[in-house]
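**Q** sequence-free structure coming up:
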């Protein structure tokens, strides 16, 4: 269980997919038990096939979250309490920002307050999703809505 402990400590015992706490003492068959996810997405799998030496990081995930993801690209949901329109895929945006840097449009919100709340949540979530990626958020008024962007 050494690898699981190392990965769990690195991720602060939080599931990288649902961002909920993981209990290391749960029975192995429980869907809330701890597993190690290789975090291979389609983009990373394609790089692996092209023999590029990037090794995807191992991340802590609940057994249920890891099983539900399977071989598909993982999805990090936006919380239901945030009012966002046209939300971007958080993991795809994180991978692009890690790879290229720059700016990513993440969502639109109907009010400044909604946009500020969503931007704060997004920065917090990105800090755990990609700990080595330093991002800041920007909220811009765009014709009656507010655009949330992340910048490296």
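**A** That came in fine, so what should we check first? A quick note: this is a predicted structure, and the numbers were derived from the prediction, not measured.
**Q** and whichever strand or helix holds residue 91, what does it pack onto?
**A** Assessed by DSSP states H and E, residue 91 sits inside helix 90-100. Using 3 or more C-beta pairs under 8 Å, 6 or more residues apart in numbering; DSSP states H and E, the elements in contact with helix 90-100 are helix 42-49, strand 103-109, helix 112-129. Quick note: C-beta positions are derived from backbone N, CA and C, even for glycine.
**Q** please name the nearest non-neighbouring residue to the residue positioned nearest the centre of the chain.
**A** In the chain, the centroid-proximal residue (C-alpha atoms, centre = their mean) is residue 129; its distance is 4.1 Å. Closest residue to residue 129 apart from its sequence neighbours, by C-beta to C-beta, 6 or more residues apart in numbering: residue 94 at 5.5 Å.
**Q** mind giving me the domain split of this structure?
**A** 2-69, 90-151 (automatic domain parsing).
**Q** could you dump the ones you listed to TSV with distance to residue 79 and mean pLDDT?
**A** Below are those laid out as TSV (distance: least, C-beta to C-beta, whole Å; pLDDT from 0 to 100):
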stretch	distance to residue 79	mean pLDDT
domain 2-69	9	76
domain 90-151	7	92
